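Peer 1: Structure for this input, please:
(2 chains)
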Amino acid sequence: AQSVAQPEDQVNVAEGNPLTVKCTYSVSGNPYLFWYVQYPNRGLQFLLKYITGDNLVKGSYGFEAEFNKSQTSFHLKKPSALVSDSALYFCAVRDKPGGGADGLTFGKGTHLIIQP
Amino acid sequence: GAVVSQHPSRVICKSGTSVKIECRSLDFQATTMFWYRQFPKQSLMLMATSNEGSKATYEQGVEKDKFLINHASLTLSTLTVTSAHPEDSSFYICSASSPGRNTEAFFGQGTRLTVV
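Peer 2: Model prediction:
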């Protein structure tokens, strides 16, 4: 079984400051990790993924995430937050690379609020 | 990235009626599609995996007779909520995956179902 934990329901950051949204995971095999963002009443938009290779992954809209195998973490980061980054962020994991028959397991989501 | 279109975006129906939600992959062939349900302020829960040309695989606790899934072509999967009740009110999201594509899943815009 696989699981994802997002320990914070909400993260508040002032505009221009760096932000971090935390994610830890549990999976029996190799982890394939994803971050998605959701705006109100909308589907999910893909931000970035870790499949293999460099632990620091760069994605859309200036976001990046660092895969840490020893801590089983995949925290989402951005050096300078924008008000438009305010949304609901989901971390997700699967134990297969994808393109196959296995759905993602999602964390409960973290509301990111960027204050002007 | 690839486009997944979900229709309708919002639907209100009377208790006891059935509602069909469509999920289309617009620019790729999706051999596998996934249906998720999202309750307010909660994460996405995988309901079922829809495989083109075969029966859907339902997650534990999901009533297959209530949530009918049909994946008749490589670009279309439908979810029919039969004899809907107010407790079926939720946000339903589909995603599509296909071998050979990038490993991230592509999500539809979601459907807000309200049963009155």
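
Peer 1: pLDDT weak spots in chain A?
Peer 2: For chain A, the stretches flagged by pLDDT under 70 are A:96-102.

Peer 1: tell me the contacts of residue A:6?
Peer 2: Contacts were defined as Cβ atoms under 8 Å, 6 or more residues apart in numbering or on different chains; by that measure residue A:6 touches A:21-23, A:89-91, A:107-110. All C-beta spots, glycine's among them, are computed from the backbone N, C-alpha and C.

Peer 1: In strands only, show me these.
Peer 2: A:21, A:89-91, A:110 (DSSP state E).

Peer 1: phi, psi of residue B:88?
Peer 2: Here is the backbone geometry of residue B:88 (degrees, to the nearest 10): phi -80, psi -10.

Peer 1: Relative to residue B:10, how far out is it?
Peer 2: With distances taken as Cβ to Cβ, to the nearest Å, residue B:88 is found 15 Å from residue B:10.

Peer 1: Check residue A:30 too.
Peer 2: 39 Å.

Peer 1: One more: residue A:60?
Peer 2: From residue A:60 to residue B:10 the distance is 27 Å (Cβ to Cβ).

Peer 1: just to confirm, which helix or strand has the residue most central in space within chain B in it?
Peer 2: A centroid search over chain B (Cα atoms, centre = their mean) returns residue B:35, at 3.6 Å, as the residue closest to the centre. For residue B:35, the element it lies in under DSSP states H and E is strand B:32-38.

Peer 1: is that strand anywhere near chain A?
Peer 2: Yes - applying Cβ under 8 Å from any Cβ of the partner chain, one finds strand B:32-38 touching chain A at B:32, B:34, B:36.

Peer 1: For that strand, which outside residues touch it?
Peer 2: A:100-101, A:103-104, B:23, B:25, B:44-52, B:67, B:69, B:71, B:77, B:79, B:90-98, B:105, B:110.

Peer 1: cutoff 7 Å now
Peer 2: A:100-101, A:103, B:23, B:44-51, B:69, B:71, B:77, B:79, B:90-98 (Cβ atoms under 7 Å, 6 or more residues apart in numbering or on different chains).

Peer 1: and these, which are buried?
Peer 2: Buried subset of the contacts of strand B:32-38 (neighbour count, 16 or more other Cβ atoms under 10 Å in any protein chain shown): A:103, B:23, B:44-51, B:69, B:71, B:77, B:79, B:90-98.

Peer 1: Contacts only, for the residue positioned nearest the centre of chain A.
Peer 2: Residue closest to the mean C-alpha point of chain A, counted by Cα atoms, centre = their mean, is residue A:35 at 3.3 Å. By Cβ under 7 Å, 6+ apart, the contact list for residue A:35 reads A:47-48, A:59, A:65, A:76, A:89, A:91.
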